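[1] Pasting the sequence and the predicted model now:
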Amino acid sequence: MRILGFICVFGLMLSCKNEKVDEPIPTPENQIKVTVQPYFGSEKLYLDSIFTFSDGNQIKFTDIKFYFSELTNDNSVQLIDAAFFNYRQKGISFISKPGNYSDFSTLKGFLGVHNDNHKDPSAFPNDSPLNIMNTDGMHWGWNPGYSFVQIEAKADTLNDGNLNFDHTIVFHVGTDQFLQNVNYSNLNWQSIGNYTHQLAFKLDMKEVFEINSQPINIKTEFMTHSSAGQEALSLKVIQNFKTALNPM
C-alpha cells in the first residue's frame, strides 16, 4: 500500500515537472536617438575636407563641438539634462537613451550649459557629458564654466590658385551671457526599427559664416575665446550657429 502511494506521488511530481510553464514575455523598451549631420550648403560636411565660400575663400573644418542642456517638451518632461556633440570623436551621434518619441513632438532648452555651468566638473557621474573626463577641452579651467560651442578650422583666403591653409580660425564661445534658448516644434521622428525612433538635425556651417543678417568675415573675424573685447564676435558666432542648427 505504501509502495503504491509512493508511486502515485512520484508520478504526480514528474508530471508537474514536465508541464510547460509559460513565462511572461518582457515588453521591449522604446529607444530615442538624436543625430546631427553637419552640412556646407547642400553638401555633407566631413572634417578636414575642403569647402568653398561664395567669395572664393576656402576652408577645412577640424573640429565642431557643442552642448545642449535641459531639453524638455512643452510639459516639462525632460529628454536630457545635458548632451555633448563631438563630431570628430562620435560622428553624427548626439543623444541615445530609452524613451517614447511621442512625448517629444516639441523640444525646448538651451544651446550651452545652463544651471550646471559653474558646478565642479569632476563631481558629475562618470557617464555624464559634463564630467571633466568627457568634455574634450570644453571646460575652461581658467574661467569656471563650459565652452558652449567650439568651431576650429583652417582657411585659405588668398585666392591665388595655391592651396595654403595657413589662416587659423578658432571660435570658442561660452560664459553665461552667451547662453541661447532653443525651441523646436512639429518634430519629425522616424522609425528606424527595433522599437527605436530617430530625430535628425542639420547643421549648415556655410550658413554660420554667410548668414545674411550678420555674416562673419574670416579675414578679420577669426578668433574668439569669449574674453573681454571679443563680445561682438562671440555673440555673432553663437547666434548664427543656433540659426544654422535645425531639425530636418
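    Alright, I've got the coordinates.
[2] chain center to the lengthiest strand in the chain: distance?
    Assignment by DSSP state E gives strand 58-72 as the longest strand of the chain. Centre-to-centre, strand 58-72 and its host chain are 7 Å apart (Cα atoms, centre = their mean, to the nearest Å).
[3] can you check stretch 196-206 too?
    9 Å.
[4] can you pull out the strands in this protein?
    Under DSSP E, the chain gives strands at 31-40, 43-44, 50-52, 58-72, 78-86, 93-98, 107-111, 147-156, 167-174, 180-184, 190-193, 196-204, 223-224, 245-247.
[5] Give me the sheet partners of the second one and which way each runs.
    What it means is strand 43-44. Strand 43-44 has the following sheet partners, assigned by DSSP bridges: strand 31-40 (antiparallel).
[6] Taking strand 78-86 as reference, get the angle to the strand it pairs with.
    Computed by axes from the mean of the first three to the mean of the last three Cα atoms, to 10 degrees, the angle separating strand 31-40 from strand 78-86 equals 40 degrees.
[7] Render the CA-only coordinates of strand 31-40 in PDB, please.
    Once non-C-alpha atoms are left out, strand 31-40 reads as follows in PDB (Å, rounded to 0.1, in the frame of the first residue of the first chain):
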ATOM      1  CA  GLN A  31      14.500  54.000 -27.600                       C
ATOM      2  CA  ILE A  32      15.200  57.600 -28.700                       C
ATOM      3  CA  LYS A  33      18.100  58.700 -30.900                       C
ATOM      4  CA  VAL A  34      19.000  62.200 -32.000                       C
ATOM      5  CA  THR A  35      21.700  62.800 -34.700                       C
ATOM      6  CA  VAL A  36      23.300  66.000 -36.100                       C
ATOM      7  CA  GLN A  37      24.600  66.000 -39.600                       C
ATOM      8  CA  PRO A  38      26.900  68.900 -40.500                       C
ATOM      9  CA  TYR A  39      26.500  70.300 -44.000                       C
ATOM     10  CA  PHE A  40      28.200  73.000 -46.000                       C
END
